[in-house]
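Asks: Coordinates for the following, if possible.
(chains A and B)
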Amino acid sequence: MSQAPLLDEILRSLLRRHLTDAEIYLKRGRSRRLERTQVTEVSAISQERAWAVRAGNRRGSFFAAATGDAVPEIAWPEPVAGQSLELPEPAPVPAWTAPSDFDTPLIGEREGLKLLESLGRQLAAELPGARVLRAVLEDGSSEAELANSRGLRASTRNRISTFYIEAAGPGSPAATASLYVAAREPRRFHPTALARRLADRLAVSAAGAPPERDTGEILLAPVVAAHLLAGLLPLLVGPGPGARLLGARGRFGSDHVTLIDNGRFPGGPFESPVDGEGVPTREVVLVEEGLFRQPLLAWWQEGAAEGEPSGCTRRAGWRDLPAIGPTHFYLKPEPRISVASLLGAIAQGYYLIDVTGSGRFDLAADRFSLPVCGFAVQAGRASAPVAGAWLCGGIGAFLKGIAGVGRDLTFHPLDGMIGAPTVLATGLELSRG
Amino acid sequence: MPFSKLDTAAVARTLSQIAERPEDVVDAFFERREEVEVAPEGTAGLRVWREEGFAVRLARDGRTWLASRDAIEAKPFAEALRQAARAIPSATYPEPALEMAPPGAVSAPEMLDFPATLSRAVRAHHVGFPLHVAVRRHRRWVQVVGPRLVPAAESETFYSCSAESTWGRYGALLPRLDAGAAEGIAAAVVALFRARQAHPPAPFRGAAVLGPAAVAVLLHEAVAHALEADTLAQGGNPESAVGVAMAAPCLDVLDDPAAAPEGVRRTTDDEGMPVARRWLLRGGIVEQPLADALWARTSPVLLPGAGRRGTRHLPPGPRSSHLEILPGEAREEDLLAGSDEGLFLPEASRGALDPLSGEFVLHLPYARRFRRGALAGTVGPCVLRGRVADLLTRVVAVGSDARPAGAGWCAKGGQKLPVWATAPALRLEGVEIAP
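Replies: Got it, this is the predicted structure:
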């Protein structure tokens, strides 16, 4: 049921205190969390009900958020002098139909536990002796309403599930691996595929060794490419820094590089017609066939850099202030190119299947290093496992050295959802670290 | 206390209806939180977060059911009780009166002055640079109710401060905001400033002296996390750790929430169990791993009292609160003595432990060389690596001056908790430090 009258009343009460710019955000949510370790099992169900208010004038502002119901008679905090609050104007929202899976109920306890059990069984089948140490499945849905003193009104719904798994391989000391994936609902998690990915990681980690130092053609699985893209985000979000990587004629990457952010990405966990401030979302092409088009710009950054702003302000929860960031940021796949054909084209090189830890990105020095595992490849075939290795190189060199992209676009929960297909990269180095 | 009007006896009676078996663990956890932040200049002024809610828990045969709500009201409580008990929807439970004292007006004058106090403290070091300071006050009130036990409500108040400059970010948790706190943060950010152009050291193996703040991070990761019952269970039976020689005989490490700084001191944990002065390591030997009520039921050698929860929406787990490393006899000059060059590590920015392999990493924002008892040049960011079992046996001397060693946030399993420490300096031999 719409709470519009309540929102209006609260805005009026703030205005009576001479807080001429004000915004109120109401959120209700529910979630189920199932966790299984080797010895314990937890089933939790939560219901959330909360609000957040930003209000201010030319002299100062405040942010207040709390659980429970918002009421106009709240004793608002005194604004503290600082940057005055600015809020977006209402704008027409292009038509959008809420996906049907927004209405699906949360996963049941029994169904969720079966999924966790099934993953354990599949992992043991893929790699005998391997075991799941900890698996956490979370499934949640929420509705939010937002109104501001400029007349903007918006309602949003969200549905997201996440799955975190820690596993150990056979032997002692056992190799370990973890996996974190997100989808709109848990029925999209396939235990066999997840178990296979974990088993590959564990097997490679147990048997692999890093090369002393090597270069060549390097095939990056989607998760590896997505981590690299996540590291590049500071260059593409907000005005300014992206230009540093531009080469001759505005070239940012090779012809195979088209980077897009889309708050309406169909099927995406953050698919929504408006962002966290109620501004309409849309597809924004940031880099097109290697040419830099524009950075991701919020409405208040209009004019600060070339390009059109879009709804790209995220609100992670009721406790969080809205902040600019990507929602579904991805490297455009090439529908005609299979992973097998990319792999088959490698005479000598590597196929990196996963990331094993946090990367280091020094954008000022144009360098990155990322811990990875995978296989050495000779004549299109895996020749030896590789583990404990670091993928290193220049950020500009990575983008400009992309020689091919596959069709297997997959998204990973990093900073927002970051998506990439398999990428064939040149000019990078693999070393012991 | 906000829970003074909560009818805990009625809650206890209601909980007793779902505790069907003697071994069932049933409780209700009520909490109210308030956070107030003075954000760095140039961002939205005062920020206030207030939340309250509860969780009902039933644990039986290794399985736990938890239902939580963002309100402390009778009807949602009865609903949550039904969910935790997995009762059929038509089953009804009594709705106990759950009245809470209303929250007071937000007032934090001590926080508004702190950024200026900190700037003055930095200038007293004869340096000046732009510093973005955010100060936050954290207050939390907790009431646990069991079917048979209703301990007194607990409360915590502390501050967190982050100071960010071009040369890095320094964060600290503080029991109070005073001149001493400002000087501690100022000294740390000035040290980061002075180390800004220092090059990381070449790979090094030798003596390292860890200052109290770095010792606190090291032992939090390498001893406290390693001795949590759920972490131990990943490698086998937690009780088998008892009696294992884990560290050099000169190391005595305790967890004592009752001796934490005033404002965060606890007499009961987040499960309502009395806290204990718990000897994690006595003479380097594991004596008493950290356990909560559920793990304590698995073995008579595990004692409850270390159950903590970062939020009502997640079940409690065994965690440390206030680590205490007992002082030794070494004076500062003894720790830095010796003809070979070593590294003095005053601060650690973070640490991480892989519980299965025992691999341990401590990230150091800067360090100083020492030789023959004297400190020398500064080196840039570096990393101390090792296996816990090996690293802790390399402690050869414990400083005689144990002091409040700062504190930090500890995140495990999605639960972020403040942890406190009192520690002396330590000298380790034959450790590996790399850029």
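
Asks: Can you give me the distance of A:Lys27 to A:Leu146?
Replies: 9 Å (Cβ to Cβ, to the nearest Å). Bear in mind the C-beta positions are built from the backbone N, C-alpha and C, glycine included.

Asks: Assign the residue of the stretch 101-250 of chain B found nearest chain A to helix, strand or coil.
Replies: Of all residues in the stretch 101-250 of chain B, the one sitting closest to chain A is B:Val106 (4.7 Å; Cβ to the nearest Cβ). Following DSSP: H, G, I helix; E, B strand; the rest coil, the label given to B:Val106 is coil.

Asks: Can you tell me how far it is from B:Pro40?
Replies: In terms of Cβ to Cβ, B:Val106 sits 19 Å off from B:Pro40.

Asks: Okay, and B:Pro404 sits in which element?
Replies: Following DSSP states H and E, one finds B:Pro404 within strand B:403-412.

Asks: Adjacent strands (with direction) for that strand?
Replies: strand B:415-423 (antiparallel) (DSSP bridges).

Asks: In the partner strand, which residues are buried?
Replies: B:Gln415, B:Leu417, B:Pro418, B:Val419, B:Trp420, B:Ala421, B:Thr422, B:Ala423 (16 or more other Cβ atoms under 10 Å in any protein chain shown).

Asks: as a whole number, average confidence for that strand?
Replies: Here strand B:415-423 scores 94 as its mean pLDDT.

Asks: returning to what we had before: put the alpha carbons of the strand holding B:Pro404 into CSV.
Replies: Written as CSV, here are the backbone C-alpha positions of strand B:403-412 (Å, rounded to 0.1, in the frame of the first residue of the first chain):
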residue,chain,number,x,y,z
ARG,B,403,49.3,-0.6,27.6
PRO,B,404,46.0,-0.1,25.9
ALA,B,405,47.0,-1.1,22.4
GLY,B,406,44.2,0.4,20.4
ALA,B,407,41.4,-1.6,19.0
GLY,B,408,39.8,-2.2,15.7
TRP,B,409,36.8,-3.6,13.9
CYS,B,410,36.9,-7.4,13.3
ALA,B,411,34.7,-8.8,10.6
LYS,B,412,34.0,-12.5,10.4
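
Asks: how does chain B divide into domains?
Replies: B:8-194, B:204-434 (automatic domain parsing).

Asks: can you list the residues of the stretch 251-400 of chain A near chain B?
Replies: Residues of the stretch 251-400 of chain A lying near chain B by Cβ under 8 Å from any Cβ of the partner chain: A:Arg319, A:Leu321.

Asks: Now do the strands in the stretch 251-400 of chain A.
Replies: A:259-262, A:283-288, A:291-292, A:313-314, A:323-324, A:328-331, A:348-355, A:360-362, A:367-378, A:381-393 (DSSP state E, counting those that start in this stretch).

Asks: related to what we said a few turns ago, which non-adjacent residue is nearest the residue of the stretch 101-250 of chain B closest to chain A?
Replies: In this structure, B:Val106 finds its nearest non-sequential neighbour in A:Pro77, 4.7 Å apart by Cβ to Cβ, 6 or more residues apart in numbering or on different chains.

Asks: Can you get me a residue count around A:Ala347?
Replies: A:Ala347 is flanked by 10 other residues according to other Cβ atoms under 10 Å in any protein chain shown.

Asks: Do I have it right that it meets A:Ala379?
Replies: Yes: between A:Ala347 and A:Ala379 there is a contact at 6.3 Å, judged by Cβ atoms under 8 Å.

Asks: Can stretch B:78-92 be said to contact chain A?
Replies: Yes: for stretch B:78-92, a contact with chain A is found by Cβ under 8 Å from any Cβ, at B:Gln83, B:Arg86.

Asks: Quick check: buried residues in that stretch?
Replies: In stretch B:78-92, counting by 16+ other Cβ under 10 Å, buried: B:Ala78, B:Glu79, B:Ala80, B:Leu81, B:Arg82, B:Gln83, B:Ala84, B:Ala85.

Asks: how long is that stretch end to end?
Replies: Using Cα to Cα, to the nearest Å, the end-to-end distance of stretch B:78-92 comes to 8 Å.

Asks: what do you get for stretch B:229-249?
Replies: Start-to-end span of stretch B:229-249 (Cα to Cα) is 23 Å.

Asks: where does B:Asp340 sit relative to chain A, distance-wise?
Replies: Here the criterion is Cβ to the nearest Cβ, to the nearest Å. By it, B:Asp340 lies 27 Å from chain A.

Asks: Got phi/psi on that residue?
Replies: When read as degrees, to the nearest 10, the backbone of B:Asp340 gives phi -80, psi 150.

Asks: mind showing which ranges of the stretch 151-300 of chain A have poor pLDDT?
Replies: Scanning the stretch 151-300 of chain A for pLDDT under 70 picks out A:241-250.

Asks: Okay, helices next: where are they in it?
Replies: Here the stretch 151-300 of chain A has its helices, by DSSP state H, counting those that start in this stretch, at A:191-207, A:222-236.

Asks: all helices in the stretch 101-250 of chain B, in order from the N-terminus.
Replies: Here the stretch 101-250 of chain B has its helices, by DSSP H, counting those that start in this stretch, at B:109-123, B:179-194, B:212-219, B:229-233.

Asks: tell me the most buried of these?
Replies: Highest mean neighbour count among these (mean count of other Cβ atoms under 10 Å in any protein chain shown): helix B:212-219, with a mean of 26.

Asks: ok, back up a step: residues touching the residue of the stretch 101-250 of chain B closest to chain A, list them.
Replies: The contact partners of B:Val106, by Cβ atoms under 8 Å, 6 or more residues apart in numbering or on different chains, come to A:Ala75, A:Pro77, B:Glu34, B:Val36, B:Leu46, B:Val48.

Asks: Narrow those to just the buried residues.
Replies: Buried among the contacts of B:Val106 (16+ other Cβ under 10 Å): A:Pro77, B:Glu34, B:Val36, B:Leu46, B:Val48.

Asks: Where does the third one sit: helix, strand or coil?
Replies: The three-state label for B:Val36, taken from three-state DSSP, comes out as strand.

Asks: So it versus B:Gly283, what's the distance?
Replies: B:Val36 is 44 Å from B:Gly283, by Cβ to Cβ.

Asks: so who does whichever residue of the stretch 201-350 of chain A sits closest to chain B touch?
Replies: Closest residue of the stretch 201-350 of chain A to chain B, Cβ to the nearest Cβ: A:Arg319 (5.8 Å). Shown in contact with A:Arg319 (Cβ under 8 Å, 6+ apart): A:Ala50, A:Ala52, A:Ala65, B:Trp49.
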